[in-house]
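Colleague: I need the structure of the sequence given here:
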Amino acid sequence: FNAAFAGASAEIHNDREAALVAVSAAGALLEHCSEDVRDDFAVVATAVDSFQGALRYASERLRGDKDMVLRVVGRHGTALAWAHERLCHDRDVIVEASKSYGYALEYASDELRGEKEVVL
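Modeller: I've put the predicted structure just below:
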């Protein structure tokens, strides 16, 4: 199924329902979806629930969406690497990511790395 979706037509890659089925089986298939589909919150949420690294294939808008990023970094702090840079200045995001990945602070702004409440 994975190879079939990856090699499918642009029409299939732009089909929301087909994308939902594909990314629920393998979140990394988000890479093959159209830009419009990669900007669909439900499709991307399904993809990151399946594979945290799928965040890297999400639209820039969704990589900057705090709810989307919190959804994935709470379980997989390493996904912070693919979040929009401005979220590295967001205390809630950094603290949540640090709970599952202690090294998440490497993505935090200098200001947040200097706050005792964030570090401890």
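Colleague: Please count neighbours and contacts with C-alpha atoms only from this point.
Modeller: Noted.
Colleague: In this structure, which residue is most central in space?
Modeller: For the chain, Leu55 is the residue whose C-alpha lies nearest the centre (CA atoms, centre = their mean; 2.4 Å).
Colleague: quick one: it from Gly64, how far?
Modeller: 10 Å (CA to CA, to the nearest Å).
Colleague: which residues are common contacts for the two?
Modeller: Ala83 (CA atoms under 8 Å, 6 or more residues apart in numbering).
Colleague: that older thread, please verify my assumption that the residue nearest to the centre of the chain contacts Val48.
Modeller: Yes - judged on CA atoms under 8 Å, Leu55 makes contact with Val48 at a distance of 6.1 Å.
Colleague: isn't Ala25 right next to Ser50, touching?
Modeller: Yes - if you go by CA under 8 Å, Ala25 and Ser50 touch, sitting 7.2 Å apart.
Colleague: Pull the number of nearby residues for the nearest residue to Arg16 once chain neighbours are set aside.
Modeller: Leaving aside its sequence neighbours, Arg16 sits nearest to Val37 (CA to CA, 6 or more residues apart in numbering; 6.2 Å). Per other CA atoms under 10 Å, the neighbour tally for Val37 reads 22.
Colleague: ok, now the one 5 residues further on?
Modeller: Burial of Ala42, expressed as a neighbour count using other CA under 10 Å, amounts to 13.
Colleague: got any ranges where the protein has weak pLDDT?
Modeller: Low-confidence regions of the chain, defined by pLDDT under 70, span residues 1.
Colleague: Contact partners for the residue nearest to Arg16?
Modeller: By CA under 8 Å, 6+ apart, the neighbours of Val37 are His13, Asn14, Asp15, Arg16, Ala19, Val43.
Colleague: So it versus Ser50, what's the distance?
Modeller: With CA to CA as the criterion, Val37 and Ser50 are 16 Å apart.
Colleague: With Ser109 instead?
Modeller: Distance, Ser109 to Ser50, using CA to CA: 28 Å.
Colleague: Now a PyMOL select for only the buried ones of the contacts of Val37.
Modeller: Per 16 or more other CA atoms under 10 Å, the buried members of the contacts of Val37 correspond to this PyMOL selection:
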select buried, resi 13+14+16+19+43
